[in-house]
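K.L.:
Give me a 3D structure for the following:
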Amino acid sequence: MTARQPIAALLAVLAVLCALVGGVSVYVRDQVVDRPTFVDRARDALDRDPVRQAVTSEIAARVRERIPGALVSSTQLDRAVDAAVSTRAFRRAFRRTAADANRVLFDPGGGTATLDLGDVAPALDAIDPRLSQALAGGASTRLLQIRSGSLGIGSARIADAVDTLAGVLPPAAAVAFVLALLVAADRRRTLRVVAVATVAAGALLLLGLALGRSLALDRVDPGGVLTPEEAKRAAGAVWDVYTDDLRPWALAAIGAGLALTVVTLIPWGRARRDPA
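P.N.:
Purely as a prediction, here's the structure:
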């Protein structure tokens, strides 16, 4: 037996690895780093109940600190803030902050993205003018602040690396796959290696998503008025909004790998082998 088949197997595994990392890089580039998509997903996250409840609780607590206690009851205030979060005025402010956050996280140069209580006042005015009037004047209370490097990693550098990998690895995967078939002494065995590696890659992606979610939630520092459980539910909902579309990719890879494995086990012609 020549060395051609082991080389073909290595090329097949390399092709699948390049496809896995390249595919994830393309997803991150197009769905997370891309600013308009990032903003749209932030809006979708706001529509998730845990996130909306966390935002409403935080804003209500800040408003309560700034208005006379006799102005409205806590129940009325909570209802007013919850209604204000649905207004166009607040959604515009939230989208602007999300766009700023994307710039801060993924563009070089740093900076800060903020959402202030003053950004909420126009939304409250549409619900209860007394609240916006009570908030008028004085220094605005900061509800959210994101600084460059707040993730604890060089996210701008990661964005550059993702862009490079997304452009290089998918073509590399195609080249490695073609070379594997050209080198192979037994193409069916090589395709079987591709199939098994594809199943493993899909399972690895699912495992990575689960571990990533767990690690991200472990880093959550509630602060403010949120309990640790509320903060983690909100953070988990945000994680899911940005990563949920990767799960179908992983399941599709597992399914395709299993199907290809079955195909390679069915007799479909004599395998090409080198003469002894």
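
K.L.:
By mean pLDDT, point me to the weakest helix or strand of this protein.
P.N.:
strand 142-147 (a mean of 69; mean pLDDT, DSSP states H and E).

K.L.:
and the nearest residue to L131 once chain neighbours are set aside, how many neighbours?
P.N.:
When the adjacent residues along the chain are set aside, L131 lies closest to L124, with 4.4 Å between them (C-beta to C-beta, 6 or more residues apart in numbering). Backbone N, C-alpha and C define where each C-beta goes, glycine included. A total of 26 residues lie near L124 under the criterion other C-beta atoms under 10 Å.

K.L.:
Just the pLDDT for L124.
P.N.:
Note on L124: pLDDT of 80.

K.L.:
same deal with the one 10 residues further on?
P.N.:
According to the model's per-residue confidence, A134 sits at a pLDDT of 73.

K.L.:
What's the local residue count around it?
P.N.:
Look at A134: counted by other C-beta under 10 Å, it has 17 neighbours.

K.L.:
now it, nearest residue through space, not along the chain?
P.N.:
Distances taken as C-beta to C-beta, 6+ apart place I67 nearest to A134, at 4.1 Å, with adjacent residues excluded.

K.L.:
ok, that neighbour touching L135?
P.N.:
Yes. At 7.0 Å, I67 counts as touching L135 under the criterion of C-beta atoms under 8 Å.

K.L.:
low-scoring pLDDT stretches of the stretch 1-150 of the chain, where are they?
P.N.:
Applying pLDDT under 70 to the stretch 1-150 of the chain picks out residues 1, 69-70, 109-110, 136-142, 145, 147-150.

K.L.:
ok so, going back, ok, I67 and L135, which is more surrounded?
P.N.:
Comparing I67 with L135 by other C-beta under 10 Å, the one with more neighbours is L135, at 20 against 15.

K.L.:
ok, the more buried one touching P122?
P.N.:
No. Checked against C-beta under 8 Å, the pair L135 and P122 is beyond contact range at 10.2 Å.

K.L.:
so what's D221 scoring on pLDDT?
P.N.:
77.

K.L.:
Any idea how many residues pack against it?
P.N.:
Considering only other C-beta under 10 Å, D221 is surrounded by 9 other residues.

K.L.:
hmm, back to that, can I assume the residue nearest to L131 sits in a helix?
P.N.:
Yes. Residue state for L124 (DSSP: H, G, I helix; E, B strand; the rest coil) corresponds to a helix.

K.L.:
Next up, the contacts around it.
P.N.:
L124 makes contact with 63, 80-81, 84, 131-132, 135, according to C-beta atoms under 8 Å, 6 or more residues apart in numbering.

K.L.:
Let's have those residues in CSV, adding secondary structure.
P.N.:
Output for the contacts of L124, formatted as CSV (three-state DSSP):
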residue, secondary structure
V63, helix
A80, helix
V81, helix
A84, helix
L131, helix
S132, helix
L135, helix
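
K.L.:
Please pick the buried ones from these.
P.N.:
Among the contacts of L124, those buried by neighbour count (16 or more other C-beta atoms under 10 Å) are 63, 80-81, 84, 131-132, 135.

K.L.:
any idea which of these is closest to V178?
P.N.:
Nearest to V178 out of those is A84 (C-beta to C-beta; 57.3 Å).

K.L.:
The closest one and D78, how far apart?
P.N.:
Applying C-beta to C-beta, to the nearest Å, the value for A84 to D78 is 11 Å.

K.L.:
which outside residues touch the helix or strand where V28 lies?
P.N.:
For V28, the element it lies in under DSSP states H and E is helix 4-28. Residues outside helix 4-28 that contact it (C-beta under 8 Å, 6+ apart) are 162-163, 165-166, 168-170, 172-174, 176-177, 179-181, 183-186, 189-191, 193-194, 197-198, 200-201, 204-205, 245-246, 249, 253, 274.
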